[in-house]
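Undergrad: Build the 3D model from these lines:
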Amino acid sequence: MLFMETNRSVESNLEKGAELPNPLHSYGILVADADQQLATVFKSMLREMGFSNVHLTRSGADAQRLLQEQPFDFLITEWNIQHIDGIALIDQIRRDPVSSNPTLPIIMLTGRAEQADVAAARDTGINEYVVKPFSAKTIYDRLERIIEKPRPFVAAPSFVGPCRRRKGEPPPGVSNRRTLNIQPKRPPKEITGDHLIGSTPKIWTPDFSLRHKLGVGQTLNALITPAVLGQAQASIDGITADSLQWIKDNMAELKVLYQKMEEGKIAGDVVGNIKDVALTIHSRAGTFGYGRASEVAYKLYLFCRTQLRPDNPAHRTIVLKHIEVLQVILGRNMHGMGGKEGAQIAMELHNLVLKYAS
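TA: Below you'll find the model as predicted:
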């Protein structure tokens, strides 16, 4: 009866030409990212898509508090956030007995693109992994997968999260599908931490509650059309002068850190700080159209992560050369990959690294 009355109300509104409320307004999204400038751009992009209920935090501890205080439909988190990192945050959500929602859909949005990082995040129980730089289309695709095609949820001793089972293989942490405790009548939203404790693997059938929030017969692509996606991308592309200044501020920070390393002032995690700033430049430069600068910054990040020894003069030279190349690219406002000039710069940098890293 209530359903019929609701339908009559909707039909009445349509006859009067009234605009129906956008169901995307009802979705709550929490974004955890230490880069609040980039996160603010991300929030604007989501709002252009129609998601108006978006909260930002740069702290993993604050994200934990917010998740306990209010319901969210999605968490989108960076790996590098304050107080506790994104992996620890996800692990707490999935496994802690006091977690408010162990099955919360989680997207890892990060500049870290190495396969080992992707595997670690997936093993922690994320739904989707997105490597920065991001675009409106990339984020939409991941949200559509979660809303339109939810996966079964698995709770096993070695894995808690959405099922990643491939054809012919058991879910993570489960040796044989016959050992599963199938619970199709219990919505994953009702799972508590107590259900994740024990040695017996369990699996819950997909939860379609997020799709139901769209409304009867409604689909996400009918609400977020190509035109809407274009507007969302324009909200990113429109940050031009500001974005370049943000990157230049990062460059100034990078030069200060290099100078400290050159002077032997390596107290604290200088290498880690250089690595983090390089990753921030990579994410920002790529998102705002400076593809070559993004590529160079990521190479610097990888060098710092895998090889850099501050007491090695040749290694310090490699860091300096990356900084100088970034200055050239950004000083010339070299968008995209910079054409032939950008390719030549990249080749020269590559040869220099080979020379000094030997």
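
Undergrad: how far is stretch 79-92 from where the chain is centred?
TA: Distance of stretch 79-92 from its chain centroid, counting by CA atoms, centre = their mean, to the nearest Å, is 12 Å.

Undergrad: To clarify, my last question referred to stretch 291-299.
TA: 19 Å.

Undergrad: Quick one: mean pLDDT over that stretch.
TA: Per-residue pLDDT values across stretch 291-299 average out to 94.

Undergrad: any residues touching that stretch, and which ones?
TA: 111, 113, 133, 247, 278-279, 281-283, 285-286, 322, 325-326, 329-330, 334-338, 342, 345-346, 349, 353 (CB atoms under 8 Å, 6 or more residues apart in numbering). C-beta: built from backbone N, CA, C; applies to glycine.

Undergrad: In helices, which of these fall?
TA: The helices, defined by DSSP state H, take in 247, 278-279, 281-283, 285-286, 322, 325-326, 329-330, 342, 345-346, 349, 353 from the contacts of stretch 291-299.

Undergrad: Now stretch 114-124: buried residues?
TA: Neighbour-count burial for stretch 114-124, counted by 16 or more other CB atoms under 10 Å, picks out 117-118, 120-124.

Undergrad: Low-confidence ranges, the chain, go.
TA: 1-20, 165-199, 266-268, 358 (pLDDT under 70).

Undergrad: which residue is nearest the centroid of it?
TA: The chain has Leu109 as the residue nearest its centroid, 1.0 Å off, counting by CA atoms, centre = their mean.

Undergrad: ok, which stretches of the protein are helices?
TA: For the chain, the helices defined by DSSP H cover 2-15, 36-49, 60-69, 86-95, 115-124, 136-148, 209-212, 220-223, 226-237, 241-262, 270-287, 291-306, 313-331, 339-357.

Undergrad: so the longest one versus helix 36-49, what angle?
TA: If I follow you right, that is helix 241-262. Calculated by axes from the mean of the first three to the mean of the last three CA atoms, to 10 degrees, helix 241-262 forms an angle of 150 degrees with helix 36-49.

Undergrad: which other residues reach helix 241-262?
TA: 37-38, 41, 266, 270-271, 273-274, 277-278, 280-281, 284-285, 287-288, 290, 293, 310, 316, 319-320, 323, 326-327, 330, 333.

Undergrad: what's the answer for the last one, then?
TA: With CB under 8 Å, 6+ apart as the contact definition, helix 339-357 has outside contacts at 292, 295-296, 299, 303, 307, 314-315, 317-318, 321-322, 325, 328-329, 332, 334, 336-338.

Undergrad: mind running it again at 6 Å?
TA: 292, 314, 317-318, 321, 325, 334 (CB atoms under 6 Å, 6 or more residues apart in numbering).

Undergrad: Check which residues of it are buried.
TA: Buried residues in helix 339-357 (16+ other CB under 10 Å): 342, 345-346, 349, 352-353, 356.

Undergrad: circling back to that earlier point, turn the buried ones among the contacts of helix 241-262 into a named ChimeraX selection, would you?
TA: In ChimeraX, this line selects whichever of the contacts of helix 241-262 come out buried by 16+ other CB under 10 Å:
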select :37,38,41,270,271,273,274,277,278,280,281,284,285,287,288,290,293,310,316,319,320,323,326,330
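
Undergrad: Any idea how many residues pack against Ala234?
TA: By the measure other CB atoms under 10 Å, the count of residues near Ala234 is 12.

Undergrad: what separates it from His212, distance-wise?
TA: Distance of Ala234 to His212, computed by CB to CB, to the nearest Å: 31 Å.

Undergrad: ok, now Phe42?
TA: For Phe42, the distance to His212 equals 26 Å [CB to CB].

Undergrad: again with Asn127
TA: Taking CB to CB, one finds Asn127 at 18 Å from His212.
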